[in-house]
Every structure is written in structure tokens, then in C-alpha cells.
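S.K.: quick check, what structure comes out for this input:
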Amino acid sequence: MQLTLWTYEGPPHVGAMRIATAMEEVHYVLHAPQGDTYADLLFTMIERLQKRPPVTYTTFQARDLGGDTAELFKTAAREAFERFSPKAMLVGASCTAELIQDDPGGLCKALNLPVPVVALELPSYQRKENWGASETFYQLVRNLALPADQIEKTPGSKPRCNILGPAALGFRHRDDLTEIRKLLTDMGLEINVVAPLTATPADIARLADAQFNVVLYPEIANLSAQWLQRQFGQAFTKTIPIGTTATRNFVREVAQLAGLDPEAALAKAESRAAWYTRSVDSTYLTNKRVFVFGDATHAVAAAKVAADEMGFTVVGIGTYSREFAREVREAAKLYGVEALISDDYLEIEARIAELNPELVLGTQMERHIAKRLGVPCAVISAPVHVQDFPARYSPQMGFEGANVLFDTWVHPLMMGLEEHLIGMFRGDSEFHEDAAPSHLGGGVHVQTLQPAAATAAVPAAMAAPAMQQAGAQSSPIIQAASWDAGAEKELKKIPFFVRGKARRNTERYALDRGVTVITMETLYESKAYYSQS
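M.R.: As a prediction, this is how the structure comes out:
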């Protein structure tokens, strides 16, 4: 076990909470100490849900450990059923309560409740949140799904499918679901069940009343989709519709499973991103160096969009999802890079600093790292903070999702250029911060506010991560030579969003050659040297 300041995933019982919170008429009884109730805030404060998660905690305290904690759990389970009247219950233990070994499943079974009770065995010290969500959804499907001959068939001639994977606390799951549901219905399909998001136990029971399953988030739905394929012969989609090309391939895959003609749906497809990518100055976007990190689904998809649709150069890719490390390693081979499989944010920070990308696509953690290193960043994956649960419609999937990706990824680069121009003209007699607006005439003096980005001081050394592993050697870059006034002034003429990279390269160049004071000549020699490498 490792003590850390940040973590990419919570313990597996948080994954179980995500499934319970996504569904309707399900209640989760969690054997946990009082401190574990913090998880509520993930849904009410971060995701901004209008209701608490459907979770009852036993909230035992230290003094209870000398008594009957098993009876405490049975009382909590009985009272939760009486109060909330769920159609199905989940029972399990948090990482702390797991050590007591009270067996919540066996205890709840002894209560003889008149609803299905699904016992969760989630090894908190070996597995993490996404695995917990996957296992919880799988156990619900395995315990509640009925064979096709026991389901009352829904009349209709349209092909039917289920959509599997959207859950609570997922990155843009709500909007992705809206986008993909519309895409499928426009193709002529009928949606049988969406699960776990908005599904009830009765919905899970009738999953077999569909020809195939659409899997949007493999981290959550793959295990269940594989079981449904074995039990009921339902095929499931493998293509994740993120980006214009992938969405077109997704349409073709769905059409093949449903026995439909994909061309009609593809002919109506509208994606401005494809045209925008071609129309933007190609020398501005092409070969921008990008580092990608996140859950496996979003990292692999984002790297493909970055390389194939926007012309970026992928210089690094990685994931914290160890269960999907193989898929990410295979993707890394396409770009000739080594995949980074890690959940240690310090290791990820060191890799980003080493690679000097011009754009980072990552999680909330990479946003913080990129900010410290002075690199533009766009969030593409959980874990995320409150700003990545926007009130507006902002999918990542489908053709509209491709438009959102273009805006989200390119705008940090565009705004960087705009802010650089503002900063570059600060000393101009007409455009300096104390100059009056031109339409007011020369006799009016107006004190204007300086853009925050233009007044922000550039850190002297952005290369090394702000935090180092205990005992690790400091990077040689931070021992760089001093800069004379002329070189510092010349450095400020470089756009701020690549200034950090220019500084790092120059300091490395000087260090390798034993230069103690960096002059303008050193700066331009370094530029010439690295432009040839």
C-alpha cells in the first residue's frame, strides 16, 4: 500500500456506489465506519446530483468494535429496506469494515427480505473503483437477468439493442448517452434497456429481449456484455464512437449487427470538426506534440483522434487502468512510444516533463501537472472535478462529440496564441495597458485591466515536477546556468505556451556544454541545435 496525496481511483466500494446511484429502485447497504461517508460528496458536490446516493452506512465507531457489529449491520439493512422500499438491494463492506469479516451477504440473507439481495465481494486492498463498478454491474446482471423465454416480448419489428456502461460519476456519460441514443434511433433501432444509468431491477431482468448490446464504456460493461453473450447469445459492439472516424466505424458495426444499411445514417452525419481540422492553418496544428493519459477507453480513443484526425504527434500515452494495460500497450505501438501504466501521479508528472509536449490530454490530475509545467491541457477522462460536469450539453461521443473534442483540444492552443499577442504588444505606445480605447480618441485616458495571463510571471524552471519521490535525485535541469538580462528579454518574445519548452531546452543545452551564463547567443545556438534534432 502507498500513501499518496492524489489518487486516480477510489476503493472498489466507490465503484459499487456509482452503479447504485446510477440506477433506480436499488439501495446499497455499506458496512463502513463513520469516516467513509465522505463518498456522498463525490455525487452531491462533484457531479452535482440533486439527491444523495441511495446508500445506507452502518457507521460503526471504535467503541462498537467491542460489541456486536454484525447485529449493527442487520439492523441497518432491515431499516433501510423498510424506509426506502427498494426492488433490489446491494450489500457489502468498505475497505475498513472488510477487516472485521462480518459477512454482510450472509447476514442480509438471514433477514429473509422479500427482494433480491446481491452480496458484493470487493477486495479493497487488491482492486480499485472501476473494477468495483464493473463487478457490481456484473453481479446485478448475473442475478437479475432472465432468460429470453421467461420475458414478455415487446411487440415491434425494429431491431432492438441494449446500451451498457453509462454510470454515475462518469466523464460526460449523461451527454454521451443522449448523443448515442439519438444516433441509434435515427438508424432505425429501438433501445430496449440502458444500464446501469436510469435502469431499474425490472429493466435488468429483460436485458435478453434484445438482439445485441452496445458497449460504450468497457471498463464498466465489458464483463457483463461477455456474460450476456455466453448466456443469451447476444453479440456486443467493440468500437468506441469517439471521434469522427470511430463514430462512422461504430455506425457500420451496429448496422451489421442489426442487419441495416449504414449508408443512410452516414449520409446524414454532420461533423464540423472534420472540416475545421482541414481548414485551420495546417502548419499550426500539424505535428503538435501531445501526451495522452486517462482511463484506457478514453486514452486510446483520444490518441487516435489526435493522430489521425487532427494531425498531432502522440509522444506519450498511458493509463491508470491496469486491467486494460494490454489494450493501451497495443495502441502505443501504433505511435512508436512506450505505454506508461501507472497510478503514481509523480511518475506521470516526471514523464510529461521529460517529453516536453505542447498539449496534454488527461485527467484532472494532468490538468494540475500541466499548469505547473506551463503546458496547455484539456481533460478527456475521469477522475474529474466539478467543472467537467457542465450544465451545457457537451458529449465526447458521436458526431457532435467530435465537434466538442475539436473545440476543447484546439482552443487552449488558440487562446495561447491570442494571449501571446496581447502580451507582445504590452509595451506598444498605442496598445499598452494604460492606453485609451481607439474609438474614444486621444484625449481620454482610461485605466484598463491587464489580462491575467499577460501579467502572470513565468516560472524560472518548469522542467522538474514540483514534487519529487522521496529519495529521488533532482533533475539536472534545475541546476541550470543563470540568464543575463538580454537573454531573458529575448525569451519573453517567445509565445508563453512554448516558452517553458524553450527555456528547458536552452538550459539543457547550456548545462551539456558547461555554459554558466546564458546569453542571446546561447539561446539562438540552442534553437538551431534542437531544430535539427
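S.K.: point to the residue nearest the middle of this protein.
M.R.: Nearest residue to the geometric centre of the chain (Cα atoms, centre = their mean): S381, 1.1 Å.
S.K.: quick one, phi psi at the residue lying closest to that one once chain neighbours are set aside?
M.R.: Nearest residue to S381 in three dimensions, chain neighbours excluded: G294, at 2.7 Å (Cβ to Cβ, 6 or more residues apart in numbering). Where C-beta positions appear, they are placed from N, C-alpha and C, glycine not excepted. Here the main-chain torsion angles of G294 (degrees, to the nearest 10) amount to phi 170, psi -160.
S.K.: measure G294 to A302 for me?
M.R.: With the distance defined as Cβ to Cβ, to the nearest Å, G294 ends up 7 Å from A302.
S.K.: the more surrounded of the two?
M.R.: It is G294, of G294 and A302, that has more neighbours when counted by other Cβ atoms under 10 Å, with 30 against 26.
S.K.: and the host helix or strand of R252, what's buried?
M.R.: R252 belongs to helix 244-258 when elements are defined using DSSP states H and E. Buried residues in helix 244-258, counted by 16 or more other Cβ atoms under 10 Å: 244-251, 253-255, 257-258.
S.K.: repeat for stretch 139-150
M.R.: Buried positions in stretch 139-150, judged by neighbour count with 16+ other Cβ under 10 Å: 139-141, 144-145, 148.
S.K.: a markdown table for those residues, including secondary structure and pLDDT?
M.R.: As requested, those are arranged in a markdown table below (DSSP: H, G, I helix; E, B strand; the rest coil; pLDDT from 0 to 100):
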| residue | secondary structure | pLDDT |
| --- | --- | --- |
| Q139 | helix | 97 |
| L140 | helix | 98 |
| V141 | helix | 98 |
| L144 | helix | 97 |
| A145 | coil | 97 |
| A148 | helix | 88 |
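S.K.: any chance of these in TSV, plus distance to I240?
M.R.: Supplementary listing: the buried residues of stretch 139-150 in TSV, determined by distance: Cβ to Cβ, whole Å:
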residue	distance to I240
Q139	24
L140	23
V141	20
L144	26
A145	24
A148	27
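S.K.: specify which member of the buried residues of helix 244-258 is nearest to V194.
M.R.: Checking the buried residues of helix 244-258 against V194 with Cβ to Cβ, the nearest one is V254 at 15.1 Å.
S.K.: doesn't V214 make contact with A225?
M.R.: No: proximity of A225 to V214 does not meet the contact threshold set by Cβ atoms under 8 Å, at 9.1 Å.
S.K.: find residues that contact each of these two.
M.R.: Residues touching both A225 and V214 by Cβ atoms under 8 Å, 6 or more residues apart in numbering: 164, 236.
S.K.: give the contact list for L146.
M.R.: With contact taken as Cβ under 8 Å, 6+ apart, L146 is in contact with 205-206, 208.
S.K.: switch the cut-off to 10 Å
M.R.: By Cβ atoms under 10 Å, 6 or more residues apart in numbering, L146 lies in contact with 204-209, 232.
S.K.: taking these one by one, which sit in helices?
M.R.: Using DSSP state H, the members of the contacts of L146 that fall in helices are 204-205, 232.
S.K.: distance to A195 and neighbour count added to these, as JSON lines?
M.R.: JSON lines is the format used below for the ones in helices among the contacts of L146 (distance: Cβ to Cβ, whole Å; neighbours: other Cβ atoms under 10 Å):
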{"residue": "I204", "distance to A195": "6", "neighbour count": "26"}
{"residue": "A205", "distance to A195": "11", "neighbour count": "20"}
{"residue": "F232", "distance to A195": "14", "neighbour count": "16"}
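S.K.: just name the closest of the residues you listed to C95, please.
M.R.: Once Cβ to Cβ is applied, the member of those that ends up nearest C95 is I204, at 26.9 Å.
S.K.: ok, and the closest non-adjacent residue to the closest one?
M.R.: Counting by Cβ to Cβ, 6+ apart, I204 lies nearest to L144, which is 4.2 Å off, once chain neighbours are set aside.
S.K.: quick check, that neighbour in contact with V117.
M.R.: No: in terms of Cβ atoms under 10 Å, L144 does not count as a neighbour of V117; the distance is 11.2 Å.
S.K.: quick check: neighbours shared by those two?
M.R.: In contact with both L144 and V117: A88, using Cβ under 10 Å, 6+ apart.
S.K.: so what's the residue count around E327?
M.R.: 17.
S.K.: so what's it closest to, chain neighbours aside?
M.R.: Once flanking residues are discounted, E327 sits nearest to A296: 5.4 Å by Cβ to Cβ, 6+ apart.
S.K.: list the contacts for the one you found?
M.R.: Under the criterion of Cβ under 10 Å, 6+ apart, the contact partners of A296 comprise 130, 218-219, 318-328, 331, 339, 341, 381.
S.K.: filter these down to the buried ones, PyMOL style.
M.R.: Command for PyMOL that selects the buried part of the contacts of A296, burial taken from 16+ other Cβ under 10 Å:
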select buried, resi 130+218+219+318+319+320+321+322+323+324+325+327+328+331+339+341+381
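S.K.: for the stretch 251-400 of the chain, which spans come out with low pLDDT?
M.R.: Confidence mapping of the stretch 251-400 of the chain against pLDDT under 70 gives the ranges 277, 279-284.
S.K.: tell me the mean pLDDT for the strand or helix carrying A487?
M.R.: Per DSSP H and E, A487 falls inside helix 485-491. Looking at helix 485-491 alone, the average pLDDT works out to 90.
S.K.: which neighbouring elements make contact with that helix?
M.R.: Where contact means 3 or more Cβ pairs under 10 Å, 6 or more residues apart in numbering; DSSP states H and E, helix 485-491 is packed against strand 482-483, helix 496-512, strand 517-518, helix 520-532.
S.K.: just the residues contacting that helix, thanks.
M.R.: Contact with helix 485-491 is made by 458, 460, 481-484, 499, 502-503, 506, 517-524, as judged by Cβ under 10 Å, 6+ apart.
S.K.: what are the buried residues along it?
M.R.: 487-488, 490-491.
S.K.: re the thing from before, state the distance from the residue nearest to S381 to V314.
M.R.: Here the distance between G294 and V314 works out to 13 Å (Cβ to Cβ).
S.K.: so what's in contact with the two at the same time?
M.R.: Among the neighbours of G294, those also in contact with V314 (Cβ under 10 Å, 6+ apart) are 302-303, 361.
S.K.: can you pull the contacts of the closest residue to L257 other than its chain neighbours?
M.R.: With Cβ to Cβ, 6+ apart as the criterion, L257 has its nearest non-adjacent residue at 4.5 Å, and that residue is F212. Under the criterion of Cβ under 10 Å, 6+ apart, the contact partners of F212 comprise 159-162, 189, 192, 225, 228-229, 233-237, 253-254, 256-258.
S.K.: bridged to F212, which residues?
M.R.: When bridges are called by DSSP bridges, F212 pairs up with C161, A235.
S.K.: and it, how far from T178?
M.R.: Taking Cβ to Cβ as the measure, F212 falls 21 Å from T178.
S.K.: my guess is L361 contacts Q396. True?
M.R.: No: under the criterion of Cβ under 10 Å, L361 is not in contact with Q396, lying 11.5 Å apart.
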